[in-house]
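Visitor: Curious how this folds, go ahead:
(chains A and B)
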Number of protein chains: 2
Amino acid sequence: MSLPQHDAIVMAAELLLQSRAIHGLLSRFQSRMKFCSVCGHTVESLVPPGDHRPRFVCTACSTVHYENPRIIAGCVPEWEGKILLCKRAIEPRRGFWTIPAGFMENGEAVQDAASREAVEEALANVEIGSLLSVVNVLRAHQVHMTFRARLLDTDFGVGEESLEVGLYDESEIPWADIAFLSVEFALRRYLEDRRSGVERLHFRDIDYQEGKVTLRDR
Amino acid sequence: MSLPQHDAIVMAAELLLQSRAIHGLLSRFQSRMKFCSVCGHTVESLVPPGDHRPRFVCTACSTVHYENPRIIAGCVPEWEGKILLCKRAIEPRRGFWTIPAGFMENGEAVQDAASREAVEEALANVEIGSLLSVVNVLRAHQVHMTFRARLLDTDFGVGEESLEVGLYDESEIPWADIAFLSVEFALRRYLEDRRSGVERLHFRDIDYQEGKVTLRDR
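Guide: Purely as a prediction, here's the structure:
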């Protein structure tokens, strides 16, 4: 992994700030499964025959309840060189800035999830472009998939989950107040690629071990 | 969408065959949630305040149970120009051929899920390369992410979920017996890109409406 020096300094500060935020969030990702959603009996954590990992298995009907990572789909919408950013109105990270992004829903494509989130969070009509980044957020059991996007008009607004929405020049991006490491990663790689004129796909793992955030680029 | 003619003919035949297989599988993807996994009470399907979609919500503790798409991670392992394929020992599509692929697990990266599946299904050590395809399988609530991969040695074998594992030249690939449309898509795009010497990322949606499979490339 090689990073420009200013990037490394900003990142160190970000990591310190976000370690705290992440620590508070981790409890959300611990499974709270106690009962079988099919028959209502209690579940036990055990390794089913032929499997390699403990799963919640119903003690009555034997249903195995798998838990798998969820996809967060988002995009970096651009209009005349400026980036659309939203200030979050909801936890986690209320008051911090992000790009439109959220949980992908059943029955939709990743790209459609990304453009739907732009509508919901910023009332923004976008055309989804190339895939910009895939970030494995290991402890949160999430994969953040972010696309490049073209804002189709300037009729955007403040969606229900946002406090403020605006278009920002590269020099105006509030780096110290970006809500999530995966968003910072996507934005920085977006701007770098824009400068170099090559749309690449970037991968990163974000993990949280022994009280520290660890990053791994691939 | 533009496809070479032979591709279109093979695909038409495949679609007919697979429509039947998919029809039988769809019931697996209907949610069977009746009880709250947190407190054991019954759930109701309703749109929670501030939401836009019906969710299963507990009538006692008010927990909202979200259901989201799952990621199937896989790879196309190559060794001296040949592709590693596995004949499936399990349903769905037992007896048909596939690449190593399976459900991504909590706590792992997509790339690590893809290489783990190569170990489990083919006892194969691979080095994961670039992302080859992302296929939205809409009715199955799945996203199939397939990577290019280099087989690191020929010490592969037949994993528990396989009947047979082997290395196949392009001319030997059993196109009529490939297990899934997303796998056929990944293999065809892999071979095309190998011929042209450019590693691109390919997107497709696979849906099933009114008894027919529909495809959309992006």
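Visitor: From residue B:90, how far off is the residue most central in space within chain A?
Guide: The centroid of chain A falls nearest to residue A:144 when counting by Cα atoms, centre = their mean (4.1 Å). Going from residue A:144 to residue B:90 by Cβ to Cβ, to the nearest Å gives 31 Å. Any C-beta I mention is one placed from the backbone N, CA and C, and that applies to glycine too.
Visitor: ok, now residue A:99?
Guide: For residue A:99, the distance to residue B:90 - Cβ to Cβ - is 40 Å.
Visitor: and if you look at residue A:175?
Guide: 49 Å.
Visitor: and the residue of chain A most remote from its centre, what is it in contact with?
Guide: The C-alpha centroid of chain A is most remote from residue A:60, which lies 36.9 Å away (Cα atoms, centre = their mean). Counting by Cβ atoms under 8 Å, 6 or more residues apart in numbering or on different chains, residue A:60 touches A:36, A:39, A:41.
Visitor: Burial check on the first one, number of neighbours?
Guide: It refers to residue A:36. Neighbours of residue A:36 under the rule other Cβ atoms under 10 Å in any protein chain shown: 24.
Visitor: quick one: contacts for the nearest residue to it once chain neighbours are set aside?
Guide: Of all residues not flanking residue A:36 in the chain, residue A:58 sits nearest, at 3.7 Å (Cβ to Cβ, 6 or more residues apart in numbering or on different chains). Counting by Cβ under 8 Å, 6+ apart, residue A:58 makes contact with A:36, A:38, A:39, A:41, A:42, A:43, A:64, A:65.
Visitor: State the distance from the third one to residue B:36.
Guide: By that I understand residue A:39. 12 Å.
Visitor: can you check the first one too?
Guide: Residue A:36 sits 10 Å away from residue B:36, going by Cβ to Cβ.
Visitor: okay, now the domains of chain A?
Guide: A:5-27+A:68-217, A:32-67 (automatic domain parsing).
Visitor: Switch the ones you listed over to CSV; also include distance to residue B:195 and mean pLDDT.
Guide: Output for the domains of chain A, formatted as CSV (distance: least, Cβ to Cβ, whole Å; pLDDT from 0 to 100):
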stretch, distance to residue B:195, mean pLDDT
domain A:5-27+A:68-217, 21, 91
domain A:32-67, 38, 94
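Visitor: Can you tell me which of these is most buried?
Guide: Ranked by mean neighbour count, the domains of chain A are led by domain A:5-27+A:68-217 with a mean of 18 (mean count of other Cβ atoms under 10 Å in any protein chain shown).
Visitor: Please see if that one touches chain B.
Guide: Yes. Domain A:5-27+A:68-217 reaches chain B (Cβ under 8 Å from any Cβ of the partner chain) through A:68-71, A:103-111, A:120, A:130-131, A:134, A:136, A:138-139, A:141, A:143, A:160, A:201, A:203, A:205.
Visitor: Do a quick rundown of the strands in chain A.
Guide: For chain A, strands defined by DSSP state E occupy the ranges A:43-46, A:55-58, A:64-65, A:70-79, A:82-88, A:97-98, A:101-103, A:126-137, A:142-151, A:162-168, A:202-209, A:212-217.
Visitor: Can I get those in JSON lines including distance to residue B:197?
Guide: Below are these laid out as JSON lines (distance: least, Cβ to Cβ, whole Å):
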{"stretch": "strand A:43-46", "distance to residue B:197": "49"}
{"stretch": "strand A:55-58", "distance to residue B:197": "44"}
{"stretch": "strand A:64-65", "distance to residue B:197": "44"}
{"stretch": "strand A:70-79", "distance to residue B:197": "29"}
{"stretch": "strand A:82-88", "distance to residue B:197": "34"}
{"stretch": "strand A:97-98", "distance to residue B:197": "38"}
{"stretch": "strand A:101-103", "distance to residue B:197": "34"}
{"stretch": "strand A:126-137", "distance to residue B:197": "20"}
{"stretch": "strand A:142-151", "distance to residue B:197": "24"}
{"stretch": "strand A:162-168", "distance to residue B:197": "39"}
{"stretch": "strand A:202-209", "distance to residue B:197": "22"}
{"stretch": "strand A:212-217", "distance to residue B:197": "25"}
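Visitor: Ok, which of the ones you listed comes nearest residue A:191?
Guide: strand A:82-88 (8.3 Å; Cβ to Cβ).
Visitor: ok, of the contacts of residue A:60, which one's closest to residue A:190?
Guide: Closest to residue A:190 out of these is residue A:36 (44.1 Å), distances taken as Cβ to Cβ.
Visitor: so who does that closest one touch?
Guide: A:42, A:43, A:58, A:59, A:60, A:61, A:63, A:65, B:35, B:37.
Visitor: Repeat the analysis, applying 6 Å as the threshold.
Guide: When contacts are counted by Cβ atoms under 6 Å, 6 or more residues apart in numbering or on different chains, residue A:36 touches A:43, A:58, A:63.
Visitor: Equivalent analysis for residue A:130, please.
Guide: Contacts of residue A:130 (Cβ under 6 Å, 6+ apart): A:148, A:199.
Visitor: what's the answer for residue A:94, then?
Guide: Neighbouring residues of residue A:94 by Cβ under 6 Å, 6+ apart: residue A:88.
Visitor: Roughly how far does it sit from chain B?
Guide: For residue A:94, the distance to chain B equals 14 Å [Cβ to the nearest Cβ, to the nearest Å].
Visitor: how far away is that residue from residue B:64?
Guide: In terms of Cβ to Cβ, residue A:94 sits 19 Å off from residue B:64.
Visitor: in the sheet, who's paired with residue A:134?
Guide: When bridges are called by DSSP bridges, residue A:134 pairs up with residue A:145, residue A:203.
Visitor: Now that it has come up, it's in contact with residue A:205, right?
Guide: No. Here residue A:134 lies out of contact with residue A:205, judged by Cβ atoms under 6 Å, at a distance of 9.9 Å.
Visitor: Setting aside sequence neighbours, what's the nearest residue to residue A:83?
Guide: Residue nearest to residue A:83 in three dimensions, not counting chain neighbours: residue A:168, with 5.4 Å by Cβ to Cβ, 6+ apart.
Visitor: what about that neighbour, distance to chain B?
Guide: Distance check for residue A:168 against chain B: by Cβ to the nearest Cβ, it reads 27 Å.
Visitor: Kindly provide the distance from that residue to residue A:181.
Guide: Taken as Cβ to Cβ, the span from residue A:168 to residue A:181 is 19 Å.
Visitor: and if you look at residue A:190?
Guide: 15 Å.
Visitor: mind listing what the residue nearest to the centre of chain A touches?
Guide: A:72, A:135, A:182.
Visitor: run the last query once more with 10 Å
Guide: Listed by Cβ atoms under 10 Å, 6 or more residues apart in numbering or on different chains, the contact partners of residue A:144 are A:70-74, A:101, A:133-137, A:180-183, A:185-186, A:204, A:206.
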